[in-house]
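>>> sequence-free structure coming up:
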């Protein structure tokens, strides 16, 4: 269950699914769905999807509900897959992989789980 500490409204610069990770867009206060662990990830969308040009609420702090794109164990640090879904983060040689949250419970692809927002990076 989400317990959003800080939620801000942004403009969707592309189609954005519900409960997914977003990254900074091309314009100020614009966001795009996350597409890689190296993206500049800033938060997780709420339960409402958005089309291009629509407003979307993004959880920046607190606990958010996130759709998973793979197996995650509680306590794992989370990053984005190619579709903005959460996957376990791992350092990669020569890369600056970003993390957005920590899993509060375990889950598998397709599950929506609570995560604690904890932005950071993993150096490879």
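Arrived safely. Here the structure is a predicted model, which is why all the values come from computation and not from measurement. Residues are numbered from 1 along each chain as shown.
>>> tell me what the residue sitting nearest the centre point of the chain is bridged to.
Taking Cα atoms, centre = their mean as the criterion, residue 21 is the residue nearest the geometric centre of the chain, at 2.2 Å. Residue 21 forms beta bridges with residue 44, as assigned by DSSP bridges.
>>> check contacts around it.
By Cβ atoms under 8 Å, 6 or more residues apart in numbering, residue 21 lies in contact with 33-34, 41, 43-44, 66, 78-80, 84-86, 100. Bear in mind the C-beta positions are built from the backbone N, C-alpha and C, glycine included.
>>> please redo it, this time with the cut-off set to 7 Å
34, 41, 44, 80, 84, 86, 100 (Cβ atoms under 7 Å, 6 or more residues apart in numbering).
>>> likewise for residue 39?
So residue 39 contacts 23, 80, 98 (Cβ under 7 Å, 6+ apart).
>>> would you mind listing which of those residues are buried?
With neighbours counted by 16 or more other Cβ atoms under 10 Å, the contacts of residue 39 contain buried members at 23, 80, 98.
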